[in-house]
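Asks: dropping the sequence and predicted coords here.
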Number of protein chains: 2
Amino acid sequence: MDEFLTLLTQTHKLLAAASDEAMSRHGVRIGQNLILEVLWETDGLTPGEIASRSRLPITTPTIVNTATRMEAAGLLTRRRDPNDGRLVRLYLTDRARAAQRPIQEARRDLAEHATATLTDEERLHLRTALTKIIQQLTAEAAETDREG
Amino acid sequence: MDEFLTLLTQTHKLLAAASDEAMSRHGVRIGQNLILEVLWETDGLTPGEIASRSRLPITTPTIVNTATRMEAAGLLTRRRDPNDGRLVRLYLTDRARAAQRPIQEARRDLAEHATATLTDEERLHLRTALTKIIQQLTAEAAETDREG
DNA sequence: CAGAAGTCATTAGCGTGCTAATGAGACGGT
DNA sequence: ACCGTCTCATTAGCACGCTAATGACTTCTG
């Protein structure tokens, strides 16, 4: 059933657009969310650390590019690590910290709104199904790693 | 539950990566699939027609950009409509037509593999849930249209 | 202590998708 | 027949994500 791929892509597209629009109202774009989530938790990490701590897999170059835009937008500052000249540490500005609550609320509201017509049971089933799919696909990637 | 947005994003990311890899083995990239699906059905459409016929919402500029890459890759040719100089019609090459079966099979296989650990009931629930979410989000967009 | 090897961030270059601006062509009204 | 309007594709410019290449800095080894 190829339909399933289309359904999931469309769902993601709609949710991403809605999420971007909601976060834009607080001066943050959707791609910046991953970085913010990690730095809200632990400030002053390096791009590599952020990439490995993120809940979603993301590459270091993407972190660097996005961080550059965030710096321009006044959301964070770069500072070289005094003990190791290779490292660059990213620190959130007050503005980025102030955005934490409204953005997290906006995303929670969006998730609730999107699933408003589902029963509790359906929401549970959905989460279960997505988790199983992720496991299936990441298990395969791990296997390839082992072989490679 | 913001978790839900993350779960869905990750699922989409894994599926998109796997799909792109599978299609790449047949000389087609994932972004080209929407155009191919429409032209396999009806060859010689214009970018605007493809955009409106696609199962997934896509803008005309995206069609045009992707079509340019597909032209360079020898997947389609552009021809001006003889009756209306504004229109450009896109025609698939033999190569693009030959790719239809293997690509559709690859995508079907991927969908089956990804959902291999789900029961039939879980697959049904998943589809129902995604459909409900899409309806909820597109209903809102339609409302905004009416207001605007 | 010097040079090789490893570990970082960054840059380069690509694909995908969007909105807004542009320009060519068709068409309706006068 | 002309001119404004509408309808197209296209271009410009942006965000986001990836891989591969680069360059700076550390660290290990002889």
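Replies: Thanks, I have it. What you are looking at is a predicted structure, and each value in this text was computed from that prediction instead of being measured.
Asks: hey, which helix or strand in chain A has the poorest pLDDT?
Replies: Every helix and strand of chain A was ranked by mean pLDDT, DSSP states H and E. The lowest is helix A:120-147, at a mean of 84.
Asks: now stretch A:81-93: buried residues?
Replies: For stretch A:81-93, burial by neighbour count (16 or more other Cβ atoms under 10 Å in any protein chain shown) applies to A:88, A:89, A:90, A:92. All C-beta spots, glycine's among them, are computed from the backbone N, C-alpha and C.
Asks: now the third one. Nearest residue, chain neighbours left out?
Replies: Taking Cβ to Cβ, 6 or more residues apart in numbering or on different chains as the measure, residue A:90 lies nearest to residue A:76, with 5.2 Å between them; neighbours along the chain are not counted.
Asks: thought that neighbour was touching residue A:97?
Replies: No - applying Cβ atoms under 8 Å, one finds residue A:76 not in contact with residue A:97, separated by 10.2 Å.
Asks: who's more crowded, the two?
Replies: Legend: neighbour count by other Cβ atoms under 10 Å in any protein chain shown for residue A:76 and residue A:97, higher for residue A:76 (23 against 14).
Asks: so how far is chain B from the more buried one?
Replies: 21 Å (Cβ to the nearest Cβ, to the nearest Å).
Asks: ok, residue A:5 next?
Replies: 5 Å.
Asks: is that residue in a helix, a strand, or coil?
Replies: Of the three states, residue A:5 takes helix according to DSSP: H, G, I helix; E, B strand; the rest coil.
Asks: what's it in contact with, if anything?
Replies: B:15, B:19, B:107, B:110, B:111 (Cβ atoms under 8 Å, 6 or more residues apart in numbering or on different chains).
Asks: the third one: how many residues sit nearby?
Replies: Residues within reach of residue B:107, counting by other Cβ under 10 Å, total 23.
Asks: near DNA strand D at all, the helix or strand containing residue A:11?
Replies: Here residue A:11 sits within helix A:3-24, counting by DSSP states H and E. Yes - against DNA strand D, helix A:3-24 shows contacts by Cβ under 7 Å from any atom of the strand at residue A:20.
Asks: just the angle between whichever helix or strand comes after that helix and helix A:3-24, please?
Replies: As assigned by DSSP H and E, the chain's next helix or strand after helix A:3-24 is helix A:33-41. Following axes from the mean of the first three to the mean of the last three Cα atoms, to 10 degrees, one obtains 60 degrees for the angle between helix A:33-41 and helix A:3-24.
Asks: is there contact, residue-wise, from helix A:33-41 to DNA strand D?
Replies: Yes - on the criterion Cβ under 7 Å from any atom of the strand, helix A:33-41 is in touch with DNA strand D at residue A:34.
Asks: which of the residues in that helix are classified as buried?
Replies: Result for helix A:33-41 [16+ other Cβ under 10 Å]: buried residues A:33, A:34, A:35, A:36, A:37, A:38, A:39, A:40.
Asks: chain center to it: distance?
Replies: In terms of Cα atoms, centre = their mean, to the nearest Å, the centre of helix A:33-41 is found 8 Å from the chain centre.
Asks: and that helix, what other elements does it pack with?
Replies: Applying 3 or more Cβ pairs under 8 Å, 6 or more residues apart in numbering or on different chains; DSSP states H and E, one finds that helix A:33-41 makes contact with helix A:47-53, helix A:60-72, strand A:88-92, helix A:94-98, helix A:100-114.
Asks: no further questions, thank you.
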